[in-house]
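[1] Attaching a predicted model along with its sequence, questions to come.
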Amino acid sequence: MTTGNLFIISAPSGTGKSLLLQLLLKNNILKFNIKLSISYTTRMKRIGEINGKDYYFISKKKFKKMIINNEFLEYAKVFGNYYGTSKKNIDNFLKNNIDVFLNIDWQGAMQVRKKKTQVCSIFILPPSINELHRRLYIRGKDHIDIINQRMLQSKKEIYHFHEYDYLIINNHIHDAIFDLKNIIYAEHLKTKIQFNIYNKLIKKLLKE
Ligand code: 5GP
């Protein structure tokens, strides 16, 4: 049976991971059907964000109810707010042969690795701490106190890079997209995946 591939992408806040994913998916530069998972969060909506597109913005009470009902594939507290991935949504995509990207932190990545046997995880690093700070600042989405708090968290997040299968340095966005594309292609060419697709051919080749 074939299923979609599950990808995890993590990076310190401000590394440019969301832009990277946006560009990758927007221009349809890959021949694969890929969707970005939309997480649930208790964080306040930022200006310009849309419920159901950027996140599902829900109350703490609803989030806790979802935890009790075992609705999350993973969830974590990040920067004081809860974020979680719906188990049902992900399984629906995978079942329908659609690749899914989870844009989640290292705590969530750890939980997914324990639950799913086949998952490819990618970590993105900024080219320097100064550049990370600059990107968070010019993004202009957060108050300076929040930026400083995120910088501290980012440094902690960086320690987890070695838990991931692939590492990308996002210095120039187009190079990073190139790297990401290659990882996705490589995953699709894995023997296990190819065998699922071409098992009839392979069995025939072995017989003849
Ligand atoms: P932001 O508040 O900037 O949108 O996201 C903050 C952090 O939360 C990011 O590092 C992002 O990867 C992480 N995050 C977003 N959604 C999820 C999720 O569903 N689960 C986990 N564990 N982390 C998430």
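    Happy to help now that I have it.
[2] ok now the strand or helix carrying residue 197, how far from the chain's centre?
    Using DSSP states H and E, residue 197 falls within helix 191-207. Chain-centre distance of helix 191-207: 30 Å, with Cα atoms, centre = their mean, to the nearest Å.
[3] next one: stretch 162-178
    Counting by Cα atoms, centre = their mean, stretch 162-178 comes out at 13 Å from the chain centroid.
[4] as a whole number, average confidence for that stretch?
    Per-residue pLDDT over stretch 162-178 has a mean of 96.
[5] mind listing the strands for the chain?
    Taking DSSP state E, the strands of the chain run over residues 6-10, 34-36, 40-41, 56-57, 72-78, 81-86, 99-103, 120-125, 166-169.
[6] what's the closest non-adjacent residue to the residue in the chain positioned nearest to the ligand?
    When scored by Cβ to the nearest ligand atom, the chain has residue 108 as its residue closest to the ligand, at 2.5 Å. Backbone N, C-alpha and C define where each C-beta goes, glycine included. In this structure, residue 108 finds its nearest non-sequential neighbour in residue 74, 4.1 Å apart by Cβ to Cβ, 6 or more residues apart in numbering.
[7] hang on, the earlier thing: average pLDDT for the helix holding residue 197, rounded please.
    Here the average pLDDT along helix 191-207 is 93.
[8] Quick one: low-confidence residue ranges for this protein.
    Residues of the chain meeting the criterion pLDDT under 70: 1, 27-28, 140-141.
[9] What residues does it have near the ligand?
    Taking Cβ under 6 Å from any ligand atom as the contact definition, the chain meets the ligand at 13, 39, 43, 74, 76, 78-79, 83-85, 103-105, 107-108.
[10] give me that answer again for 8 Å
    9-13, 17-18, 37, 39-41, 43, 46, 54-55, 74-76, 78-79, 81, 83-85, 102-105, 107-109, 111, 141, 150, 157 (Cβ under 8 Å from any ligand atom).
[11] Taking the residues you listed, please make a ChimeraX selection of just the buried ones.
    Remark: buried members of the residues of the chain next to the ligand, expressed as a ChimeraX selection using 16 or more other Cβ atoms under 10 Å:
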select :9,10,11,12,13,17,18,37,39,40,41,43,55,74,75,76,78,83,84,85,102,103,104,105,107,108,109,111,150,157
